[in-house]
Structure formats: C-alpha cells, structure tokens
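Engineer: here is my input, please return the structure:
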Amino acid sequence: MGTKANHFAQSTKLDSGTGGPKQHADPFLIPEFAGLQKVTARYQLRTQLQYTVLTLAGLFAFYNCKANHFRVAGLACLFPGAGFLAVGGLSGAIGIILTLAFLPFSLFAWFEAGGLAFVLANWIVPGIVAAIVAGDDIWEPSAPIAIILVVGSVTYTISSAQKRHAATLRLRESRNKILEKEDSEWNRRIESKPDPAEKRELTSTELRLLQHFVEISFQESNDWSNFSVVDQFQTSALRYQLYQMQWALALVQKYHMPSFQGYIKSAQERLIEKSTTKDVMGYWKWESLWGKFTLAGYQKRIGIAPNPFLKHSRQIGMLAPIPNWIYSGCNLIGMQGAVAYDSYMKTGRVSRLLNGRFYRAFEEEFMNADGGVVTLRSAIRLAGILGNVVGALTGAAAMPNLDRRLWLLSRATNVRKEKDGGYTLENLIGADNIDVGNYKAGSGFAHIVYSLCAAEFGESDLQRDLIVKLDRDLHPMEPSSSGTGALVNKGLSLVACGSLFQARVAKRGDWGNLINSPVDEHVMAAPKLDKVPFPNVMVARCHVGGLDKKGLDIVLCGPQEKVAIGFKDLKGGIKYSLVAVKEGKKEEIARGISADVDGRAEVQVDVGDRSEFELRTQRED
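Structural biologist: Numbers count the residues shown, from 1 in each chain. Here you go, the predicted model:
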C-alpha cells in the first residue's frame with residue numbers, strides 16, 4: 001500500500017459514524033494482509049497430506065495385493081467411485097453412474113446441515129460395494145486412468161487458485177482507488193447523525209407492521225403458524241426468524257419507546273423463551289450426529305449461532321455455527337453480543353480483543369485479498385454479492401471502518417442511479433435472487449438488505465427508494481391473517497419482513513449504537529409506561545420527559561375510546577399528574593397520581609388516532 005493509501009487509512013482509524021467503538025486496528029483501505037489465510041493454508045496442507053497418504057496407500061494396495069477385493073478397495077481410496085473403474089464392465093459403469101448421481105445430494109447435505117457423514121458415505125460405501133462385486137479379473141488400466149484424473153484435477157485446482165489469487169491482488173489495488181473516491185462522495189451525500197435527544201415516533205403504518213411481530217411473539221410456544229417451516233438447518237430455520245423479530249423489537253424499543261415496557265418487553269421475553277424450545281434447538285443433535293459423530297449437545301460442543309458454552313476459560317477463534325462450517329456472519333453476530341455485554345459491564349475486554357487478534361485474524365482468514373468477505377470457511381466459494389453487504393451490517397458494531405469499506409465497495413459496484421433519481425440493483429446472481437427465509441425466488445430480499453445497510457450508513461435517499469420499490473412493485477403490503485388490522489408485506493418470509501421493518505425505522509448508525517451504547521440512566525430511573533390494551537391501542541412513542549427527567553412523553557394510537565393505562569417504577573412519596581396535549585394546548589386530566597406498594601398506578605384516558613400525553617411530577621408543575 002502506498003504512502004498516500006497508508007496516510008488515508010491512518011486518517012480514518014476512528015469511529016466511522018455507524019455507532020461502532022473507536023478502533024485502532026481497523027483500517028479503512030484494504031490492507032496487504034487481507035486474505036493471507038495462514039491458518040486456512042495450514043489446515044488445507046494437513047488435509048492435502050492426509051489425502052496424499054491415503055492415495056499412496058491405495059495405490060500400494062492396488063499394485064501389491066494379490067486379492068482383487070483388496071486391490072479394488074485400494075483404488076477406491078483415490079476418489080468416490082474409483083473402485084468401479086477397476087470392476088469394469090456393466091457393473092462398474094452402473095456403480096460409477098450411481099456414485100456420481102448421489103454426489104450432489106451428499107454435497108448438499110454437507111453444506112445444508114454439516115452432514116460430513118453423507119460425503120464420507122458416498123465415498124466409502126461405493127468402495128466397499130466395488131470391492132465386494134469384484135470378480136476374478138479387474139480392469140488393469142483403471143489405476144493409470146485414476147492417477148491421471150487425480151493429477152489433472154489437482155493441477156487444475158492449483159492453477160485456478162493461483163489465477164484467482166493474482167486477479168484478487170490486482171482487484172485490491174483498483175478497489176483501494178475506488179474506496180478513496182467513494183469515501184469522499186459518501187461523506188458528501190450522507191445524512192447527519194440523528195440527535196440523541198430526538199423523540200422518535202412510529203407512523204400508523206409502521207405501528208401496524210410492528211403489530212404483526214408482536215402478535216406472532218404471543219403465539220403459544222408450539223404454535224408455528226405465520227412462520228416459514230422449511231428446514232431447521234439453514235437460513236429459513238425457526239431460530240433465525242425468532243432472532244430477527246427480536247432484533248426488530250429491540251431497535252424499536254431503543255429509539256421509539258425506551259420508557260415503555262408492556263407488550264414490547266413481554267414479546268421479546270417470549271421470543272427468547274421460544275428460541276430455547278425443542279422445536280428450535282433440536283436440529284443440533286442431528287448435526288452433531290452426522291457432522292461430529294456424537295449426540296452431545298451444546299454443553300459439550302461449541303456452536304456460535306444460538307448458544308456458545310465454554311466450561312473453562314480459554315482463548316478462542318472463530319466458531320462453527322454448524323459442524324465443519326464456519327460462517328463469518330454468525331461469528332460477527334456473536335461478536336455483537338460480546339460488544340453489547342462489554343458496553344454494559346464496562347470490562348474493556350472486547351475492545352482489547354478487537355484491537356488485537358480478532359480484527360487481524362478476521363482480515364487474514366475471512367476476507368479475500370480483494371477485500372470481499374469469505375461467507376463461510378470450508379473451501380467453497382458461494383456465488384453472490386450479498387455476502388459483503390451482510391458483512392457490513394453484522395460487523396458495523398465491532399469494526400466500523402472495515403464495514404464501511406464493505407458497504408462502499410458494494411454500493412459502487414452494484415447500485416446504479418437512474419436518470420429519474422431512483423436506484424437499481426445490478427449484478428445480482430445465484431443466492432442474491434432468493435428470500436433466504438423461505439427460499440422463494442425474487443430480488444426482494446436483496447433490496448431489503450441494501451436498504452437496511454443504506455440506513456445504517458446514512459444513505460437515506462437509497463434507503464427510502466428501495467423500500468418504495470418493494471412496497472409498490474415487489475411485495476406490496478396487505479392485512480395479516482390475524483384479522484386484527486396488522487400489516488405484512490405479501491410474499492416475504494418472516495426474516496425478510498423483520499429486516500424490512502428495521503430498514504423502515506432505522507437511521508444512520510442506529511444498529512451500531514444499539515449494540516455499543518451504555519444503558520440510559522435516565523430511562524432506568526424514570527417511571528415506565530407498562531400497560532396499554534394491545535392491540536386496540538399501541539404505543540407510537542414513549543420517552544423520558546420533563547425538566548427533571550422524571551416524567552414521560554407518550555403518544556398512543558387507537559380507536560376513540562376510554563382505556564386504562566398503567567405505569568410502573570413510580571417513586572414513593574412523589575405525586576404525579578397526567579396532561580393531555582392537543583394542538584399545542586395542554587389539559588391536566590389526572591392529578592395526585594401516586595404509586596402503590598409496588599410502584600404502580602393506573603389511569604383512565606381517552607385515546608384516538610393520535611393521543612399525546614405527558615406524565616410529570618407535581619413538584620415540577
């Protein structure tokens with residue numbers, strides 16, 4: 001990296017504006033150590049040596065054993081179906097065809113659910129069958145042919161890898177030039193950070209979309225209606241739907257109703273409880289069985305996605321969400337949890353890790369030399385562009401400069417501005433064109449991910465335009481099946497709907513700030529609104545209010561009726577008054593409100609389409 005590039009990287013070491021922690025080991029430009037993959041190379045070398053030993057042992061058996069059964073079994077060590085080459089004839093041809101026919105299914109099971117057993121079975125079983133059916137004569141040219149196939153495959157693999165690496169090195173240089181330009185343009189076009197004192201409010205449409213998630217959260221623990229039940233091993237699994245709703249509710253509570261608990265708190269608690277049920281967690285025993293050949297659960301095996309468990313303190317690296325697969329996104333989400341814990345407990349441990357081993361190791365092992373994210377680590381390259389955008393989102397809380405880099409590269413190469421001022425996504429391929437929550441074809445999910453990432457990085461024009469396209473052209477809103485007035489985007493999975501809702505309500509740096517910001521002491525100390533008659537009445541806004549920060553500013557939405565609302569954490573010995581605010585005029589509707597022995601109180605109020613209230617201490621009045 002040249003002097004100018006080094007200077008540019010050093011000048012952008014601190015928080016990039018996404019709400020992330022200040023980093024000293026988080027350069028903005030693609031560093032020279034990106035994609036070195038030293039650890040990966042070491043594991044690959046070990047596997048290559050193991051395969052070399054297996055191949056040599058197999059060839060030794062073929063050329064030195066007298067029994068044809070052992071000779072065929074030896075040749076079968078070279079690759080799946082190789083033993084049938086030695087069998088020859090019609091039986092050998094059928095065996096090879098069947099082995100090759102089952103190969104895609106075994107590879108899919110390996111990818112889908114960590115099923116290493118299926119890949120091994122597709123290699124071992126044909127070898128055993130070929131050895132059993134071998135007759136008195138075997139086809140002698142089979143070994144030279146197998147050797148040629150192996151050498152040819154290895155040569156092609158090495159040559160292709162070298163060409164790809166050379167191409168990524170060239171691309172790194174061009175991308176760093178693009179980044180310098182894009183960063184300057186990004187700083188000109190982004191919106192300013194939201195005012196921390198801003199009292200945000202949900203619109204009526206956003207409330208009806210939120211209502212859908214809350215209603216699903218209150219379903220019974222064994223009720224999976226409104227969920228996509230396709231498989232429990234990949235991105236449509238129930239756990240990811242539950243997590244996405246939890247994130248959406250947490251975002252709303254943080255920025256729109258931090259002083260409201262009630263249904264928003266209960267919904268999150270029920271989602272967490274539901275995520276621990278057998279229907280959700282039962283997948284792990286199967287992945288352990290056919291991936292690690294054990295029935296041990298999470299208490300014995302480490303799985304970063306839902307529930308990492310460490311019996312003893314130890315240094316750890318990236319963890320496997322499913323056996324034999326390490327997903328960068330899952331580990332970045334896990335790091336978000338560590339960052340959130342660190343910001344709450346103020347230990348400083350995560351900052352030291354991020355500034356040391358973790359960032360450097362992530363850049364080396366889970367980035368390519370061209371600055372793109374390695375979506376999953378088991379030497380398989382996935383087609384698609386969304387990996388970089390998802391990486392930008394999931395890492396924004398921990399490594400803001402790296403993730404701004406990913407966002408700007410993705411935006412520069414895959415977003416085109418039209419003459420009418422709108423935006424179009426380009427170069428969507430492969431998995432970019434499916435909804436990962438239900439595996440249905442379409443570009444809707446890609447629009448959602450880009451709009452959510454645009455929100456996080458302050459590009460509100462792009463954020464709003466993509467959402468408009470979704471609502472108008474791709475997945476228009478419709479009433480949910482509950483018949484209670486809740487809304488949902490037609491045809492989208494629950495994962496996609498939750499992500500889209502986040503994109504609607506988010507502003508610059510919201511996600512990073514949600515993870516990194518400490519607990520608001522004023523919110524903790526002030527009273528809370530804790531009861532409204534959901535779903536008839538919903539909270540659009542609830543923030544700490546009053547000059548003494550001991551009151552509440554509330555907006556309720558619902559039909560014209562008188563309802564009871566409840567407060568908690570009221571202070572004993574303090575009298576409160578409730579004021580209705582309408583068109584700038586204030587009218588006291590309740591006075592002398594005092595807490596019971598549990599710090600609670602209820603008040604009858606008239607609500608309508610939009611009803612604003614202020615709870616104040618009478619000393620302040």
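Engineer: contacts and neighbour counts: CA atoms only from here.
Structural biologist: Fine.
Engineer: mind showing which ranges of the stretch 401-550 of the chain have poor pLDDT?
Structural biologist: Applying pLDDT under 70 to the stretch 401-550 of the chain flags no residue at all.
Engineer: starting from the lowest-mean-pLDDT helix or strand in the chain, tell me the next helix or strand along the chain.
Structural biologist: One helix or strand of the chain scores below all others by mean pLDDT, DSSP states H and E: helix 3-11, with a mean of 36. Reading on from helix 3-11 to the C-terminus, the next helix or strand found by DSSP states H and E is helix 38-64.
Engineer: could I get the average pLDDT for that following helix?
Structural biologist: Mean pLDDT, helix 38-64: 94.
Engineer: show me what the helix ranked longest in the chain packs onto, helices and strands only.
Structural biologist: Longest helix in the chain, counting residues (DSSP state H): helix 142-189. Counting by 3 or more C-alpha pairs under 8 Å, 6 or more residues apart in numbering; DSSP states H and E, the packing neighbours recorded for helix 142-189 are helix 82-87, helix 400-414.
Engineer: please identify the most buried of those.
Structural biologist: helix 82-87 (a mean of 29; mean count of other C-alpha atoms under 10 Å).
Engineer: can I get it as CSV, trimmed to CA atoms?
Structural biologist: C-alpha atoms of helix 82-87 as CSV (Å, rounded to 0.1, in the frame of the first residue of the first chain):
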residue,chain,number,x,y,z
ALA,A,82,-12.8,-45.1,-8.4
GLY,A,83,-13.2,-48.7,-7.3
PHE,A,84,-15.8,-49.3,-10.0
LEU,A,85,-13.3,-48.3,-12.6
ALA,A,86,-11.4,-51.4,-11.6
VAL,A,87,-14.5,-53.6,-11.6
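Engineer: the longest helix of the chain to helix 38-64, inter-axis angle?
Structural biologist: Calculated by axes from the mean of the first three to the mean of the last three C-alpha atoms, to 10 degrees, helix 142-189 forms an angle of 170 degrees with helix 38-64.
Engineer: could I get the average pLDDT for the helix or strand following helix 142-189?
Structural biologist: Sequence-wise, the next helix or strand downstream of helix 142-189 (DSSP H and E) is helix 204-217. Helix 204-217 carries an average pLDDT of 98.
Engineer: and Glu587, helix, strand or coil?
Structural biologist: strand (DSSP: H, G, I helix; E, B strand; the rest coil).
Engineer: look up how far Lys531 lies from it.
Structural biologist: Counting by C-alpha to C-alpha, to the nearest Å, the gap from Glu587 to Lys531 is 22 Å.
Engineer: settle it for me: which of those two has more neighbours?
Structural biologist: More crowded of Glu587 and Lys531, by other C-alpha atoms under 10 Å: Lys531, with 18 against 12.
Engineer: once you drop chain neighbours, what's closest to the more buried one?
Structural biologist: Excluding the flanking residues, the one nearest Lys531 by C-alpha to C-alpha, 6 or more residues apart in numbering is Gly566, at 4.5 Å.
Engineer: just put the helices and strands packed on helix 142-189 in TSV and tack on distance to Asn438.
Structural biologist: Converted to TSV, the helices and strands packed on helix 142-189 look like this (distance: least, C-alpha to C-alpha, whole Å):
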stretch	distance to Asn438
helix 82-87	38
helix 400-414	24
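Engineer: between these, which one is closest to Ser217.
Structural biologist: helix 400-414 (31.4 Å; C-alpha to C-alpha).
Engineer: what's the next secondary structure element after the closest one?
Structural biologist: strand 415-417.
Engineer: tell me what whichever helix or strand comes after that following strand is packed against?
Structural biologist: Downstream of strand 415-417, the next assigned helix or strand under DSSP H and E is strand 423-425. Helices and strands touching strand 423-425, by 3+ C-alpha pairs under 8 Å, 6+ apart, are strand 415-417, helix 460-469.
Engineer: what residues of strand 423-425 count as buried?
Structural biologist: By 16 or more other C-alpha atoms under 10 Å, the buried positions in strand 423-425 come out as Tyr423, Leu425.
Engineer: swap in stretch 575-583?
Structural biologist: Buried residues in stretch 575-583, counting neighbours by 16+ other C-alpha under 10 Å, are found at Lys575, Tyr576, Ser577, Leu578, Val579, Ala580, Val581.
Engineer: what's around Arg184, how many residues?
Structural biologist: No, residue 184 isn't Arg; it's Ser. By the other C-alpha under 10 Å criterion, the neighbourhood of Ser184 contains 10 residues.
Engineer: how about Ser460?
Structural biologist: When neighbours are counted by other C-alpha under 10 Å, Ser460 registers 20.
Engineer: circling back to that earlier point, for the residue nearest to Lys531, grab phi and psi.
Structural biologist: With angles defined as degrees, to the nearest 10, Gly566 sits at phi -120, psi 150.
Engineer: need the contact list for Val563.
Structural biologist: Contact analysis of Val563 by C-alpha atoms under 8 Å, 6 or more residues apart in numbering lists Val532, Pro533, Gln604, Val605, Asp606, Val607.
Engineer: any idea how far Gly592 is from the last one?
Structural biologist: In other words, Val607. Between Val607 and Gly592 the computed distance is 21 Å (C-alpha to C-alpha).
Engineer: do the same with the second one
Structural biologist: In this structure, Pro533 lies at 23 Å from Gly592, with C-alpha to C-alpha as the measure.
Engineer: same question, the third one
Structural biologist: From Gln604 across to Gly592, the span is 14 Å (C-alpha to C-alpha).
Engineer: okay, and the residue of the chain most remote from its centre sits in which element?
Structural biologist: Distance from the centre of the chain peaks at Asp136, with 57.0 Å (C-alpha atoms, centre = their mean). Secondary structure from DSSP H and E places Asp136 outside every helix and strand.
Engineer: show me the contacts for it.
Structural biologist: By C-alpha under 8 Å, 6+ apart, the contact list for Asp136 reads Asn68.
Engineer: hmm, Ala392 is touching Leu452, no?
Structural biologist: No. Taking contacts as C-alpha atoms under 8 Å, Ala392 lies outside contact range of Leu452: 10.4 Å.
Engineer: of these two, who's got more company?
Structural biologist: Neighbours were counted for Ala392 and for Leu452 using other C-alpha under 10 Å; Leu452 has more, 33 against 28.
Engineer: quick check: closest non-adjacent residue to Asn226.
Structural biologist: Closest to Asn226 by C-alpha to C-alpha, 6+ apart is Ile216, at 7.1 Å.
Engineer: brain fart, His522
Structural biologist: Distances taken as C-alpha to C-alpha, 6+ apart place Lys549 nearest to His522, at 6.4 Å, with adjacent residues excluded.
Engineer: I'd say that neighbour and Met524 touch.
Structural biologist: No. Counting by C-alpha under 8 Å, Lys549 does not reach Met524; the two are 10.6 Å apart.
Engineer: who has more neighbours out of those two?
Structural biologist: Each of Lys549 and Met524 has its neighbours counted (other C-alpha under 10 Å); Lys549 has more, 16 against 13.
Engineer: Three-state assignment for that one, please.
Structural biologist: coil.
Engineer: swap in Tyr439?
Structural biologist: Here Tyr439 is recorded as coil under three-state DSSP.
Engineer: so who does it touch?
Structural biologist: The contact partners of Tyr439, taken as C-alpha under 8 Å, 6+ apart, are Ser236.
Engineer: what does Gly337 give?
Structural biologist: Counting by C-alpha under 8 Å, 6+ apart, Gly337 touches Ile515.
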